[in-house]
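1. no sequence for this one, just the structure:
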């Protein structure tokens, strides 16, 4: 039997209804014939009827007979029986045919009772449509119902029940149960309509009140705006913040929060105890730049010119910065790694951030993180606390006035972790490009986009920076300046700036080159130029006194004058000894102030094999001593067997200065070999490198600074680990020209070369 799948429609026996023939035509072109019997199968889900299979329909359907088809394509059918659908097939044209069997009805309801209850229900519907003034069409529609089945089929689209509940009406075999289900659905529909009508009337009254209130408020707002324009000096805080919020370009969340705070501020009034706190919040969020700045084209030639003008040397650092700017120029947006500048104080880490900002044409802001121990310093305080403030990051954004500044986070290695939280963890979100586009400061409590900020971090050392934070940054090391570089930095930058600050003309003061070099060598001890800057400023102050008193019209500073101008020599660097002594060897060390040489001194005295280590050495350096002793005993068993009756003393001079690190390992080994063999090491030979028990020389850090110290001390030959050869690229050419640099892979390479 030809089958038509339908969905969400109640069909029951002995009901007449119409459908458009075009419904069938859209599915498949077929010729319907008056008198033909059909099966209406009830779909489980709303699917394309062309895809219907047996499992897609409920097991009970309705047969119907076509009674007429008019010229307009309206098909009149009369339903007959409920049937069980036993099988379903499709022909080659896609038409569906079903195998069915009649499903019997259970006639368990008295006809008189059914008629009375049906009339009662129909009258209820007539009163219902009359009270809601649905019109004559609805009344005529209801009067056409002749039985409960016709009522259910006509109301199928109005009942507020699910399709499964509608199918239950079709499925039930008992006439009484079916009647009760239809009756319940009908009364529920009318009750819901009454409730909805009442709610609608109540809502309408409420809306009218709201509309009236809004209209009055708009009138007041228009009048207030006119008054503000006439007397801008008297504009209220509320009106000012309303205007600022509207023009700020905030994201939806931020604007919603700002208007919420503004409404509280209105309710508080100027005499309210929370008014000041609310005012401060709105003043802060409206002072931020919420709009994305237009990306400016990057001129790499100009950037190189600015970097070269402001900073002498630092070739590798400048190259890496130019590479970052080139990537940004290609992407036309902020991109690339977070840069971490690592180096000794005074090497230009912070000031180069200013140069980057100038090269990009952006605002510059610096945030010092040294000593920050509270997480709230980064994320801000919650506004529930008294005296709450935004974090340093958002405070810096406010200070910059733009959404894309160059932000230098100074001294990230000096963050402190304690009971106040872990500020380095809070900094992770700030520096993570995957998260910082929705950074939420606790004080603001709304997201802010930091993805357009170019972050530059600085540190003196990476040792104290937590690994998760360090992984988000690319390390660029700032080597210490050579004496020559310091000389030119002073000539080109430090002296002109200091003279300008003191208002001393060039014709009034001349610092000779020899005097300047003596200041660098005898009055400073650092890898950077901060101390040199202070000495130059001291010179300027002394010269200013002389010029103001009129003692001189022009001053010329020579080496002999430095004692008078600057006092006694501030620092003395170690220099190599003039004569060789067995057991004494020159090593190289890295300090926060740059490189230095150190002497490893060894001596034996009568005793019982005791080893004494002095010079305030750290645990790592003490371990290097133990490794060196074991290694030398293994390599020179004959020479060291007398140690059973001797005490060994190892000393590193300048005991007041703490020393640590593994790079003195090869120096200690060589000193011990020199002591036990009685063969002295020439003073002009120095070395650096960690050693293992297998006699391997392992790589070390701070090579550029150590080699500069070697040149300054008069060393001519330096042994370095073979794995540090690549680091020679970072060493100034003038330093390499002064030294014979010998790479060594094993301890024996050094010993054989020294002792032939």
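-> Thanks, I have it. Worth saying up front: this structure is predicted, and the values here are computed from it rather than measured.
2. Name the helix or strand of the chain that has the lowest mean pLDDT.
-> Least confident element among the helices and strands of the chain, by mean pLDDT, DSSP states H and E: helix 21-27 (a mean of 65).
3. Following it in sequence, what is the next regular element?
-> Next helix or strand after helix 21-27 toward the C-terminus (DSSP states H and E): strand 37-42.
4. Which elements pack onto that following strand?
-> Under the contact definition 3 or more C-beta pairs under 8 Å, 6 or more residues apart in numbering; DSSP states H and E, strand 37-42 sits against strand 3-6, strand 60-69, strand 74-90, strand 96-102. For the C-beta atoms, the positions are set from N, CA and C on the backbone; glycine is no exception.
5. Comparing those strands, which yields the minimum mean pLDDT?
-> Lowest mean pLDDT within these: strand 3-6, at a mean of 88.
6. Please enumerate residues in contact with that one?
-> Applying C-beta atoms under 8 Å, 6 or more residues apart in numbering, the contact partners of strand 3-6 are 24, 38-43, 49, 52, 56-57, 61, 88, 96-98.
7. give me the beta-bridge partners of residue 686?
-> Per DSSP bridges, the residues bridged to residue 686 are residue 586, residue 718.
8. Relative to residue 70, how far out is it?
-> Distance of residue 686 to residue 70, computed by C-beta to C-beta, to the nearest Å: 113 Å.
9. try residue 626
-> 110 Å.
10. With residue 392 instead?
-> 82 Å.
11. the more surrounded of those two?
-> Shown here are residue 392 and residue 70; by other C-beta atoms under 10 Å, residue 392 has more neighbours (21 against 10).
12. residues in contact with the closest residue to the more buried one other than its chain neighbours?
-> Excluding its sequence neighbours, the residue lying closest to residue 392 (C-beta to C-beta, 6 or more residues apart in numbering) is residue 367, at 5.1 Å. Listed by C-beta under 8 Å, 6+ apart, the contact partners of residue 367 are 392, 393, 396, 407, 408, 409, 410.
13. Go ahead and build a PyMOL selection from the buried members of the residues you listed.
-> Burial among the contacts of residue 367 is assessed by 16 or more other C-beta atoms under 10 Å; the matching PyMOL selection reads:
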select buried, resi 392+393+396+407+408+409+410
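14. And what about residue 565, helix, strand or coil?
-> What DSSP: H, G, I helix; E, B strand; the rest coil gives for residue 565 is helix.
15. how about the nearest residue to it once chain neighbours are set aside, secondary structure?
-> Excluding its sequence neighbours, the residue lying closest to residue 565 (C-beta to C-beta, 6+ apart) is residue 542, at 4.9 Å. With three-state DSSP as the basis, residue 542 sits in helix.
16. If I look at residue 542, what pLDDT would I see?
-> 86.
17. same thing with the one 4 residues further on?
-> What the model reports for residue 546 is a pLDDT of 85.
18. same question, residue 179
-> pLDDT at residue 179 comes out at 90.
19. Would it be right to say that it lies in a strand?
-> No: assessed with three-state DSSP, residue 179 is helix; it does not lie in a strand.
20. mind listing what it touches?
-> 109, 114, 117, 148.
21. For ChimeraX, write the selection for the buried entries among these.
-> The buried residues among the contacts of residue 179 can be selected in ChimeraX (16+ other C-beta under 10 Å) with this line:
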select :109,148
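22. among the contacts of residue 179, which are in helices?
-> Those of the contacts of residue 179 mapping onto helices are 114, 117, 148, per DSSP state H.
23. I'd say the last one and residue 182 touch.
-> Read that as residue 148. Yes: between residue 148 and residue 182 there is a contact at 5.6 Å, judged by C-beta atoms under 8 Å.
24. what about stretch 681-693, start to end distance?
-> Stretch 681-693 stretches 23 Å from its first residue to its last (C-alpha to C-alpha, to the nearest Å).
25. Could you give me the buried positions within it?
-> 681, 682, 683, 684, 685, 686, 687, 688, 689, 690, 691.
26. pretty sure the last one contacts residue 665?
-> Yep, that's residue 691 we're talking about. Yes: between residue 691 and residue 665 there is a contact at 3.7 Å, judged by C-beta under 8 Å.
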